[in-house]
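Q: My questions concern the predicted model and sequence given below.
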Amino acid sequence: MTTRITDSPRTAHTYELAPETLAGIRALLDAAFDGDFSDEDWDHGLGGVHAYVEDEHGIAAHGSVIMRRVAHAGRSYRVGYVEAVAVRADRRRQGLGGRVMAALEEVVDGAYAFGALSASDEGAELYRARGWHLWNGRVETCGPDGVRHLPDEEDSTYLRPADGRPLPVAAAGALLFDWRDGDVL
């Protein structure tokens, strides 16, 4: 049986996805993250635009971009935050991750001040190759108990200018991400 790798990703908002498509995406993410993909992680990837590739075995690749608020140097930005990026094990190294990211970056370019994501060590190479830049400044969140420093996120937070414009933020100040349950980034 031959797999099709020429298919372009489909894009849809969460509300447009059928329950069986959402179940297939969740199954992919559970498998790709070796069971370390929590209900909170799942929730973080919902409510935005999904890009996904299907083949005869189901969902082969997925990513989503959701809106987050990020404050920097006295200004709040609407940011396209990339979540839940994964490729099924048997389809890795075939360009699907790049295709999914291209679709998500199109959304970032059209709707947000810039893109942001938190990369695993395994995923960082893909993002760097696509023009995402490691943030060299401080990362914080504003939670129920006030502002909290997130030093563990400072070596995995990547930003991407939207539509080729320069990034509107500089490493001289902190990025202050909105609060959410589970992993903040």
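A: Cool, the structure landed. Numbers count the residues shown, from 1 in each chain.
Q: What residues sit buried inside the longest helix seen in the chain?
A: Secondary structure of the chain per DSSP state H: the longest helix is helix 96-111. Residues Leu96, Gly97, Arg99, Val100, Met101, Ala103, Leu104, Glu105, Val107, Val108, Asp109 are the ones in helix 96-111 that count as buried (16 or more other CB atoms under 10 Å). In this view, the C-beta of every residue, glycine as well, is placed from N, C-alpha and C.
Q: pLDDT and distance to Asp55 added to those residues, as JSON lines?
A: Output for the buried residues of helix 96-111, formatted as JSON lines (pLDDT from 0 to 100; distance: CB to CB, whole Å):
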{"residue": "Leu96", "pLDDT": "95", "distance to Asp55": "9"}
{"residue": "Gly97", "pLDDT": "95", "distance to Asp55": "14"}
{"residue": "Arg99", "pLDDT": "96", "distance to Asp55": "12"}
{"residue": "Val100", "pLDDT": "98", "distance to Asp55": "13"}
{"residue": "Met101", "pLDDT": "97", "distance to Asp55": "18"}
{"residue": "Ala103", "pLDDT": "98", "distance to Asp55": "16"}
{"residue": "Leu104", "pLDDT": "98", "distance to Asp55": "19"}
{"residue": "Glu105", "pLDDT": "97", "distance to Asp55": "22"}
{"residue": "Val107", "pLDDT": "97", "distance to Asp55": "23"}
{"residue": "Val108", "pLDDT": "97", "distance to Asp55": "26"}
{"residue": "Asp109", "pLDDT": "96", "distance to Asp55": "27"}
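Q: Tell me the one of these nearest Leu126?
A: Within the buried residues of helix 96-111, proximity to Leu126 (CB to CB) peaks at Gly97, which comes in at 5.3 Å.
Q: who's in contact with the closest one?
A: Ala61, Gly63, Val85, Val87, Gly123, Leu126 (CB atoms under 8 Å, 6 or more residues apart in numbering).
Q: can you check Trp179 too?
A: So Trp179 contacts Thr141, Cys142, Gly143, Pro144 (CB under 8 Å, 6+ apart).
Q: quick one: the residue lying closest to it once chain neighbours are set aside and Ala73, what's the gap?
A: Spatial nearest neighbour of Trp179, excluding adjacent residues (CB to CB, 6 or more residues apart in numbering): Gly143 at 4.3 Å. In this structure, Gly143 lies at 20 Å from Ala73, with CB to CB, to the nearest Å as the measure.
Q: got it, and Asp39?
A: From Asp39 to Ala73 the distance is 35 Å (CB to CB).
Q: do Gly48 as well
A: Relative to Ala73, and taking CB to CB, Gly48 is found at 26 Å.
Q: what's the answer for Gly97, then?
A: Distance from Gly97 to Ala73, by CB to CB: 33 Å.
Q: got CSV for the contacts of Gly97, with secondary structure, distance to Gly173 and neighbour count too?
A: Below are these laid out as CSV (DSSP: H, G, I helix; E, B strand; the rest coil; distance: CB to CB, whole Å; neighbours: other CB atoms under 10 Å):
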residue, secondary structure, distance to Gly173, neighbour count
Ala61, strand, 35, 27
Gly63, strand, 28, 27
Val85, strand, 27, 24
Val87, strand, 35, 25
Gly123, helix, 26, 20
Leu126, helix, 28, 16
